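**Student:** Starting from these lines, generate the structure:
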Amino acid sequence: MKETDIKLLRQLRRNARESITNISKKTGIPTSTVFLKIREQENRLIKKHVSLVDYAALGYNHWQNTVVKLAEYNNKEFEKFLLEYENVNSLYEINGGYDYLLETVHKNVKEYVDFMKDLENKFKIVELKGFQIINDLKREEFFSKGGN
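**Tutor:** You can find the predicted model right below:
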């Protein structure tokens, strides 16, 4: 990867909404090149532009990671259910004795418990283990630090 591409990606990771003119000033890359490289990278490296949200400010005070082991591995119905479930923020297929890792956001603990009960009623779950996120110390920072 060229140094100009690295500079551009780092700047986009810091603030994807920054104007092309400001990105150009901060990186020393001409504005026309910044524009073209962003469009090029949107087809190659950039999956989507998103905002990091303060869940608690929206009234969602229970943020949870849960690992799940199913009786039937690679259950497409399970995946479809979770992909469509509004409170599932992220979903990963994993290893290490479990099949999936899901990150969910809920208004309160009861809402999470009800979600888990619903999941257990719909699917054959061998084991699940939940981890409540207490404090968001660092999130989405990879590749945002370094020079311009």
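**Student:** Does F115 touch H106 like I think?
**Tutor:** Yes - between F115 and H106 there is a contact at 6.9 Å, judged by CB atoms under 8 Å. From N, CA and C alone the C-beta is placed, and that goes for glycine too.
**Student:** Mind listing the shared neighbours of those two?
**Tutor:** Listed as contacting both F115 and H106 by CB atoms under 8 Å, 6 or more residues apart in numbering are N87.
**Student:** Nearest residue to the middle of the chain?
**Tutor:** Nearest to the geometric centre of the chain sits S90, at 5.5 Å (CA atoms, centre = their mean).
**Student:** Let me see the contact set for that residue.
**Tutor:** By CB under 8 Å, 6+ apart, S90 lies in contact with L102, E103.
**Student:** which neighbours does the helix or strand that contains it have in its sheet, and in what orientation?
**Tutor:** Here S90, judged by DSSP states H and E, is contained in strand 88-93. Here strand 88-93 is paired, per DSSP bridges, with strand 100-106 (antiparallel).
**Student:** Tell me what the residue nearest to the centre of the chain is bridged to.
**Tutor:** Going by DSSP bridges, S90 forms beta bridges with E103.
**Student:** Distance-wise, check it relative to Y60.
**Tutor:** In this view, S90 and Y60 are 14 Å apart by CB to CB, to the nearest Å.
**Student:** just I23 next, same as before
**Tutor:** Using CB to CB, one gets 32 Å for the distance from I23 to Y60.
**Student:** Tell me which of these two has more neighbours.
**Tutor:** Per other CB atoms under 10 Å, whichever of I23 and Y60 has more neighbours is I23, with 23 against 18.
**Student:** Surely that one and L9 touch.
**Tutor:** No - I23 is beyond contact range of L9, at 10.7 Å (criterion: CB under 8 Å).
**Student:** For this protein, which segments are assigned as helices?
**Tutor:** Listed in chain order, the helices of the chain (DSSP state H) span 3-14, 20-27, 31-44, 76-84, 109-122.
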